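S.K.: make a model of this:
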Amino acid sequence: MESYITTQSGRITALQGNAVAEFNNARHPLTVDDVIPDGATLLFDNGTEIAIIQQDGSVLTLGNEQSVPDASTDALLSDEIAAIQSLIASGDDPTLSLPETAAGNQTGNTGGFDFVDVERQAEETIANADYSTSAVIKDDSLLVDEDRDEESSVIDDSVSDSDTNTPAGNNNTQPEANNVSVTTEEDTPVSGQLTATDVDGDTLSFATGTEPQNGSVTVNTDGTWTYTPNENYNGGDSFTVVVSDGNGGTDTITVNVGVTSVNDAPVANDDTELSTEEDTPLTIDVLDNDSDVDNDTLTITKATVPAEQGTVAIDDGKLVFTPADNFNGEATISYEISDGQGATDAATATVTVTPVNDAPVLEGENNKPLGDDISVTTSEDKPVSGTLKATDIDGDTVSFEKGTEPQNGSVIVSADGTWTYTPNTDYNGSDSFTVVVSDGNNGTDTISVNVGVTPVNDAPTIDVTAVDSIAEDGVSTATVVASFEVSDTDSENLTTAIENDPNGYFTIDGTDVKLTAAGVAAVNNDELDLKSLTVEVSVTDGVNDP
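M.R.: So this is what the prediction gives:
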């Protein structure tokens with residue numbers, strides 16, 4: 001007897017001799033086209049040859065001899081059975097009077113120990129006499145002890161097929177059926193119709209014998225059956241069906257099922273409880289909760305999101321979601337995954353975008369943002385005014401206030417955004433101040449107002465002071481009748497002159513006004529009788545007339 005344990009499932013393509021397979025805690029006689037699961041133990045006689053095509057396509061050959069049944073064995077066995085029947089009919093116990101064995105050249109039970117090795121190729125035949133016996137069957141060794149005082153019996157090892165012995169005294173013949181081999185795809189039920197024959201014409205019924213280990217089976221009394229493999233299982237499986245004739249005769253059918261593998265689609269699961277703040281991108285590992293029963297490598301093949309909610313990109317096997325500007329609320333991203341074997345699945349990722357306060361934005365003409373600063377100009381000593389505007393996308397009410405003061409002037413900023421800047425007197429050059437707009441919710445924006453003050457010519461000034469009095473006959477051309485002071489912020493090149501002096505009474509000497517000779521004569525002339533003198537002095541800067 002030889003044995004072999006299979007390392008993968010396969011189908012028998014050729015069989016010469018006798019062989020059985022042990023799996024699912026049972027022995028299964030083998031025939032051509034039977035499917036053998038992985039891990040089954042094959043038992044076969046010396047000389048038996050078996051060819052098996054395995055799951056990977058290779059061919060496995062077992063045994064190196066071909067067993068040829070000996071026709072004489074059946075004839076000898078028939079003679080022996082006839083002798084046993086004769087003993088039974090006479091009332092003798094055949095187990096105490098075994099004749100020479102059918103195997104030949106062996107003694108019966110006449111003394112000593114004889115080892116009987118019967119090579120059985122024919123079906124077992126049971127005596128139909130009114131006497132209980134044990135079946136004489138194939139055994140590696142049968143030991144008959146003639147010297148025992150008690151009754152001896154024939155050792156019964158095991159029957160090589162599934163036929164059930166017919167009870168003594170019953171002429172009923174058991175039904176006969178053949179084993180069946182079928183194939184189906186993973187996750188796909190397979191059905192069939194079992195048949196059996198009964199020479200007695202008894203009505204046959206079928207029932208489940210042993211259950212499959214990797215699936216479930218339903219067997220109907222009419223022989224129809226349906227086998228359903230366990231989810232995602234592939235490989236070999238089997239179950240048995242018992243056919244009964246209702247009179248104690250049965251046969252057992254082994255149904256071998258080969259379940260071929262198929263690619264299972266990946267499973268994409270929705271992603272929820274995701275959140276990000278407004279205007280803040282979010283990276284999502286959507287594959288983390290997706291799966292594939294075949295352990296294929298999963299990839300994201302596409303992803304979309306409504307434009308008003310944002311954009312989505314695939315980056316290094318993850319999704320990167322960027323909310324639309326100032327969008328808040330729920331965004332739904334649709335994506336698809338692939339197992340690389342042609343199977344796909346789709347799911348969604350739902351992101352809650354939480355709102356944040358948006359700062360107000362200062363705007364100019366055409367409602368365009370002003371930026372960080374604006375520029376205005378004014379003339380020296382001339383105030384300049386303007387109005388600032390701002391919008392708030394959250395709808396908050398905005399207000400304005402002065403930020404920093406100008407260094408060369410002063411500014412007034414009203415809450416409604418109006419402002420007035422006044423340069424310092426006679427200042428020209430650059431100056432600036434800032435205005436802050438607030439939405440009342442800690443959102444602010446600041447703008448700098450740059451002021452350019454252009455210079456203008458300032459008129460010179462003169463201040464003339466006359467002497468209180470002069471004495472007649474006491475004056476001369478050296479007599480000072482008035483003095484003056486002149487100034488100009490723009491220039492030191494000033495020119496002074498006597499105005500409204502038709503008689504030429506006065507002359508300028510530095511910052512003094514003195515009498516001329518004509519003036520002295522006029523003061524001393526009694527006929528003129530002068531009571532007062534009026535002195536008028538002008539100054540010019542050479543740019544604008546005073």
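S.K.: need phi/psi at Leu530.
M.R.: phi -70, psi 130 (degrees, to the nearest 10).
S.K.: that one - how many residues pack around it?
M.R.: The tally of other residues near Leu530 (other C-beta atoms under 10 Å) stands at 14. Glycine gets a C-beta too; all of them are placed from N, C-alpha and C.
S.K.: again, but for Gln213
M.R.: Applying other C-beta under 10 Å, we find 15 residues neighbouring Gln213.
S.K.: which element, helix or strand, includes Ile447?
M.R.: If you go by DSSP states H and E, Ile447 is part of strand 444-454.
S.K.: can you name the next helix or strand after that strand?
M.R.: strand 461-466.
S.K.: can I get that following strand in CSV? Just the C-alpha atoms.
M.R.: What follows is strand 461-466, C-alpha atoms only, in CSV (Å, rounded to 0.1, in the frame of the first residue of the first chain):
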residue,chain,number,x,y,z
THR,A,461,6.5,139.9,5.0
ILE,A,462,7.6,143.4,6.3
ASP,A,463,6.9,145.2,9.5
VAL,A,464,7.5,149.0,9.4
THR,A,465,7.8,151.0,12.7
ALA,A,466,7.9,154.8,12.6
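S.K.: circling back to that earlier point, which positions within the strand holding Ile447 qualify as buried?
M.R.: By neighbour count on 16 or more other C-beta atoms under 10 Å, the buried set for strand 444-454 is Thr444, Asp445, Ile447, Val449, Val451, Val453.
S.K.: which one of these is nearest Ser275?
M.R.: Thr444 (26.6 Å; C-beta to C-beta).
S.K.: next up, the contacts around the spatially closest residue to Asn214 that is not a sequence neighbour.
M.R.: Using C-beta to C-beta, 6 or more residues apart in numbering and skipping the chain neighbours, the partner closest in space to Asn214 is Asp237 (4.4 Å). Taking C-beta atoms under 8 Å, 6 or more residues apart in numbering, we find Asp237 in contact with Pro37, Pro212, Gln213, Asn214, Gly215, Tyr227, Pro229, Asn256, Val257, Val259.
S.K.: in the sheet, who's paired with Asp237?
M.R.: Val257 (DSSP bridges).
S.K.: that one and Asn179, how far apart?
M.R.: Distance from Asp237 to Asn179, counting by C-beta to C-beta, to the nearest Å: 14 Å.
S.K.: check Thr377 too.
M.R.: From Thr377 to Asn179 the distance is 107 Å (C-beta to C-beta).
S.K.: show me which of those two is the more surrounded one.
M.R.: Asn179 (20 against 11).
S.K.: and the more buried one, what is it in contact with?
M.R.: Neighbours of Asn179 in contact, by C-beta under 8 Å, 6+ apart: His28, Pro29, Thr31, Asp34, Ile253, Thr254, Val255, Asn256.
S.K.: switch the residues you listed over to TSV; also include distance to Gly519, pLDDT and neighbour count.
M.R.: Output for the contacts of Asn179, formatted as TSV (distance: C-beta to C-beta, whole Å; pLDDT from 0 to 100; neighbours: other C-beta atoms under 10 Å):
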residue	distance to Gly519	pLDDT	neighbour count
His28	157	89	23
Pro29	162	92	16
Thr31	160	92	15
Asp34	155	90	23
Ile253	159	97	23
Thr254	157	97	25
Val255	153	97	25
Asn256	152	98	26
